[in-house]
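Student: The amino acid sequence is not available; the structure is as follows:
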């Protein structure tokens, strides 16, 4: 276990405050990771100072309103009314905290290189207010070495030393937005510290509000754990996406194959194909390791191949659409009217980060198609980094008269609260990338539906 742990601050009192749940915790970033983490800690009895740079988010939270659809207003309101949660844009309030948790995005730059600007900015916002006896934990997904080589030097610029005056740890987030079976409190938490004292403190903090803590020997190991989890998913999704293309040419339904294969009680784990990868984790995290490996002169061919397969899925979906338009209507994409159903990256969440649906809409537009979309979670498409041309586009109604105007509908996100029977009855062609038709009790309109 790395870290000095030289004689310094006596952690006994801080351990007691964590174990007695009589501590104040600052959470930087009140989005898909930081907000549920804050609420779980609140429920356990901690007082939370939530920090965010977005004024609208801070204002809504202090009014008891949730910025995330899968987190109800009631949970926010209860925490605010009880005096256990306050949102702020004032970094000076970090001095009040016994622990400071960094939950900010780690996107990719234009050349698939790590963008640690949010992590670095968070560390710099903490540094002027850091005091002896505080625990600082990075939760953002990143490459091994970030906490020690990037965050630690920034925090130590003021003269305080990690393991002596303050304590530094890493604990990767494991959120799955919208998953009713596993909220923050029910997911085991991997933790590691810069020294034994930091690890003890991190275990004591998280141990009060998560199902279990899983200590590991170094912060680099904990950083690698998170990358491994998401690379595992990326590679296996790429495998079934590639199998989908092969089986489609053989006239075999990949979804039926997976359903039958998962009846085997050992040696198989089901993964499912789709129109591409979305969300903040799986399309991005593997490249943090490939970048670090390249720095060491190592080629990560397997990981990069998986990324290539997954990145090509939007183009494959368009290829299948083009084939069916030509076969059925002797029509190309240029001038075709297409309805995209679902633009969130996964079902039943108002999150479209890295959504393949946006890529597909851009590709359709470039091909000359007229594109509309329907998504109950997005009445208007907000600004995005990579799809500026879609900003402000509004969701159309899903009614019989509207559907009759389209040459094809494409199911790209399988939201639960959509009338798919109406969609099938009113459409000339439905391209189903999520096996919606096969997994629900829907009218037998197989002549209308094509899986892609």
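Tutor: Received the coordinates, thanks. None of the values given here were measured: they were computed from a predicted structure.
Student: If you drop the residues flanking it in sequence, what lies closest to the residue positioned nearest the centre of the chain?
Tutor: Against the mean C-alpha coordinate of the chain, by CA atoms, centre = their mean, the closest residue is residue 280 at 3.9 Å. The shortest distance from residue 280 to any non-neighbouring residue, by CB to CB, 6 or more residues apart in numbering, is to residue 353 (4.9 Å). All C-beta spots, glycine's among them, are computed from the backbone N, C-alpha and C.
Student: From the structure, what's the count of residues near that neighbour?
Tutor: By other CB atoms under 10 Å, the residues close to residue 353 number 19.
Student: so who does it touch?
Tutor: The contact partners of residue 353, by CB atoms under 8 Å, 6 or more residues apart in numbering, come to 278, 279, 280, 345.
Student: any chance of these in CSV, with distance to residue 410 too?
Tutor: Formatted as CSV, the contacts of residue 353 follow (distance: CB to CB, whole Å):
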residue, distance to residue 410
278, 15
279, 19
280, 23
345, 15
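Student: From residue 352, how far off is the nearest residue to residue 375 once chain neighbours are set aside?
Tutor: Residue nearest to residue 375 in three dimensions, not counting chain neighbours: residue 343, with 4.8 Å by CB to CB, 6+ apart. As judged by CB to CB, to the nearest Å, residue 343 and residue 352 stand 6 Å apart.
Student: repeat for residue 89
Tutor: 25 Å.
Student: who's more crowded, the two?
Tutor: Each of residue 89 and residue 352 has its neighbours counted (other CB under 10 Å); residue 352 has more, 25 against 13.
Student: And what about that one, helix, strand or coil?
Tutor: Three-state call for residue 352 (DSSP: H, G, I helix; E, B strand; the rest coil): coil.
Student: didn't it look like it was pressed against residue 358?
Tutor: Yes: counting by CB atoms under 8 Å, residue 352 touches residue 358, with 6.5 Å between them.
Student: Which neighbours do residue 343 and residue 352 have in common?
Tutor: Common neighbours of residue 343 and residue 352, using CB under 8 Å, 6+ apart, are 358, 378, 381.
Student: Most neighbours out of those, which is it?
Tutor: Greatest neighbour count in these, by other CB under 10 Å, goes to residue 358: 25 neighbours.
Student: quick check: mean pLDDT across stretch 310-329?
Tutor: For stretch 310-329, mean pLDDT is 96.
Student: Next: stretch 230-241.
Tutor: 96.
Student: cool, and stretch 51-62?
Tutor: pLDDT averaged over stretch 51-62 gives 96.
Student: buried sites along the helix-or-strand element of the chain with minimal mean pLDDT?
Tutor: In the chain, no helix or strand scores lower on mean pLDDT, DSSP states H and E than helix 436-439, which sits at a mean of 84. Residues of helix 436-439 classed as buried: 436, 437 (neighbour count, 16 or more other CB atoms under 10 Å).
Student: Quick check, residue 248 in contact with residue 254.
Tutor: Yes: using CB under 8 Å, residue 248 is in contact with residue 254, at 7.3 Å.
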